[in-house]
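Peer 1: Sequence below, structure please.
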Amino acid sequence: MTTLADIDLTNPDVFAQRMPHDWFDLLRSDAPVWRHPATDEHPEPFWVVSSYEHITEAHRSGTLFSHQTGPGRKGAGGIALNDIQEGRGPGLQMVMTDPPQHTRYRKLVNTGFTPRMVRRMNEVMRLRTEIILDRICEQGSADFVLDVAAELPLMAIADIIGVPDEDRHLLLDWSNRTIGGSDPEYQDQPSGDGSSKHGSTYETAMIEMAMYADGLTGRKRSQPEDDLWTVLTSATVTLDDGTTTELTDLERDLFFTLLLVAGNETTRNAISLGLMGFMDHPDQWTMVVETGVMTDEAVDEILRYTSPVNYFRRTATADTVLGGQQIQAGDKVTLWYPSGNRDEKVYEDPHRLDLTRTDNHHLAFGAGGAHFCLGANLARLELKLIFEGLANRLPDIAVTGPADRLRMNFVNGIKHLPVAFTPSQKVLPD
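Peer 2: Numbers count the residues shown, from 1 in each chain. Sure, this is the predicted structure:
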């Protein structure tokens, strides 16, 4: 019988094995706002918010729960459980800022993600989906994560930023290493001389991305193109006193990191986890195969069911009460979206994938407020195209082995997933 004392959400080995939905069921039932004790992994208590109601309340509380920092933290904070020091993200990277600074940053990049821009990408993305499936269709088997799920989000974000196709493999490597630093597959490997070879730590990946972003900025300034990075090379930010200033190199570099990781990692995992969900609910996959269509409701149900971001951390900026619990200024507060998305008070039979589910106000893109996911329209398009492509071209696709899960509690990540299907011919000319 699981008890609250058994729960340790800081242990990455748990998430390498499974998503602990049983723990979240217990938390929602017994302690929807719970003070997680300090652990060896994280020697500071923090709050775990697991119910749909209280996650939504926190999201809509403005700067009471800050993305940036809080009292006693000396400017450190951010959205992950471990503090990021001042000057290295909090207050500088869009996702680690509060309004009004967040609003200013957001205006700089939203032109790349408007519904109009996404509609403009529709035909190109359809073609890219066919290219992806053409690469594997004759083989009869594939690593679904590397060969399918990672490809379309990577192509999309590269198109938006303006990264050449030949550099896409760099984007995937950096994304893996930024998110997966606690996973042995992505950690630095020692070389014979005692140093580390091309590695995987967060720090190394950040340095490499900054160097690449600087070079990309130079190329776009000398040869402007119709892409978001060209816009950012000359973008300005209006300060509180009304003056305007250009983005600094650091701010621009942090934008690159955010766009890359957020644009690739989350949708890749939604696609991978979505296929696993279909395999666990074959009647729902049959529905897509028979119609050849992923409706808007079906796409939103995949997003609810998979919830690829496990949590975002906030920092309380003042003493407050949430769910009957007294939270102190400076406390860390984590909002667990997979739990809110399976809240029995909101969703009937919440652990079931049901493509006919309606009125589905899931939390996969956040729960309202200033930080609602900028790439929501793009992610929905990618999910629609991939699953329609699979249903029409590889309808008997099946998972042939266990998923290799990411050793990380921040995202619900899948590294590798073996699949098989009946071989078929390419549809595009060579």
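
Peer 1: Next one: the nearest residue to residue 366 once chain neighbours are set aside from residue 296, what distance?
Peer 2: Excluding its sequence neighbours, the residue lying closest to residue 366 (C-beta to C-beta, 6 or more residues apart in numbering) is residue 372, at 4.8 Å. C-beta here means a position set from N, CA and C on the backbone, and glycine is covered the same way. The gap separating residue 372 from residue 296 is 17 Å, by C-beta to C-beta, to the nearest Å.

Peer 1: Residue 214: how many residues sit nearby?
Peer 2: 13 (other C-beta atoms under 10 Å).

Peer 1: Could you double-check that it sits in contact with residue 253?
Peer 2: Yes. Taking C-beta atoms under 8 Å as the definition, residue 214 is a contact partner of residue 253 at 7.1 Å.

Peer 1: picking that back up, am I right that the residue nearest to residue 366 is in contact with residue 364?
Peer 2: No. Between residue 372 and residue 364 there is no contact under C-beta under 8 Å: 10.8 Å.

Peer 1: Neighbour count: the two, which is higher?
Peer 2: Using other C-beta under 10 Å as the criterion, residue 372 and residue 364 rank with residue 364 on top: 24 against 12.

Peer 1: check contacts around that one.
Peer 2: Each residue near residue 364 by C-beta atoms under 8 Å, 6 or more residues apart in numbering is listed here: 270, 303-304, 306-309, 337, 341, 373.

Peer 1: ok, back up a step: over to the residue nearest to residue 366. Which of the three states is it?
Peer 2: Recorded secondary structure, residue 372: coil (DSSP: H, G, I helix; E, B strand; the rest coil).

Peer 1: For residue 60, see how far away it is.
Peer 2: Distance from residue 372 to residue 60, by C-beta to C-beta: 11 Å.

Peer 1: and if you look at residue 261?
Peer 2: Taking C-beta to C-beta as the measure, residue 261 falls 25 Å from residue 60.

Peer 1: Ok, residue 219 next?
Peer 2: Computed as C-beta to C-beta, the residue 219 to residue 60 distance reads 41 Å.

Peer 1: Walking through the stretch 151-300 of the chain, point out its strands one by one.
Peer 2: Ranges of strands in the stretch 151-300 of the chain, per DSSP state E, counting those that start in this stretch, are 236-238, 244-246.

Peer 1: I'd like those strands as a markdown table, with mean neighbour count, distance to residue 429 and mean pLDDT appended.
Peer 2: Shown next, in a markdown table, are the strands of the stretch 151-300 of the chain (neighbours: other C-beta atoms under 10 Å; distance: least, C-beta to C-beta, whole Å; pLDDT from 0 to 100):
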| stretch | mean neighbour count | distance to residue 429 | mean pLDDT |
| --- | --- | --- | --- |
| strand 236-238 | 13 | 46 | 73 |
| strand 244-246 | 11 | 46 | 76 |
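
Peer 1: Rebuild the ones you listed as CSV, extending it with distance to residue 399.
Peer 2: As requested, those are exported to CSV (distance: least, C-beta to C-beta, whole Å):
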stretch, distance to residue 399
strand 236-238, 46
strand 244-246, 49
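
Peer 1: measure stretch 49-63 end to end?
Peer 2: 17 Å (C-alpha to C-alpha, to the nearest Å).

Peer 1: any idea of the mean pLDDT for it?
Peer 2: Per-residue pLDDT over stretch 49-63 has a mean of 96.

Peer 1: Repeat that for stretch 289-296.
Peer 2: Averaging the model's pLDDT scores along stretch 289-296 yields 97.

Peer 1: same deal with stretch 356-364?
Peer 2: Per-residue pLDDT over stretch 356-364 has a mean of 94.

Peer 1: which residues in the stretch 1-150 of the chain form strands?
Peer 2: Using DSSP E, counting those that start in this stretch, strands in the stretch 1-150 of the chain cover 33-36, 46-49, 65-66, 141-143.

Peer 1: With neighbour numbers in mind, choose between residue 261 and residue 60.
Peer 2: residue 261 (21 against 13).

Peer 1: what about that one, distance to residue 275?
Peer 2: For residue 261, the distance to residue 275 - C-beta to C-beta - is 22 Å.

Peer 1: do residue 164 as well
Peer 2: Applying C-beta to C-beta, the value for residue 164 to residue 275 is 29 Å.

Peer 1: Compare those two and say which is more crowded by neighbours.
Peer 2: Neighbours were counted for residue 164 and for residue 275 using other C-beta under 10 Å; residue 275 has more, 27 against 10.

Peer 1: my guess is the more buried one meets residue 399, correct?
Peer 2: Yes. Contact criterion C-beta under 8 Å: residue 275 and residue 399 qualify, at 7.1 Å.

Peer 1: any residues in contact with both of those two?
Peer 2: Joint contacts of residue 275 and residue 399 (C-beta under 8 Å, 6+ apart) are 144, 417, 419.

Peer 1: Most neighbours of all these, which one?
Peer 2: residue 417 (26 neighbours).

Peer 1: which residues does it contact?
Peer 2: 143-145, 149, 272, 275-276, 399, 401, 403-404.

Peer 1: Grab the most central residue of the chain for me.
Peer 2: By C-alpha atoms, centre = their mean, the chain has its centre lying nearest to residue 266, at 2.9 Å.

Peer 1: Let me see the contact set for the closest residue to it other than its chain neighbours.
Peer 2: Nearest residue to residue 266 in three dimensions, chain neighbours excluded: residue 308, at 4.7 Å (C-beta to C-beta, 6+ apart). For residue 308, the contact set (C-beta under 8 Å, 6+ apart) comprises 265-267, 269-270, 273, 364, 411-413.
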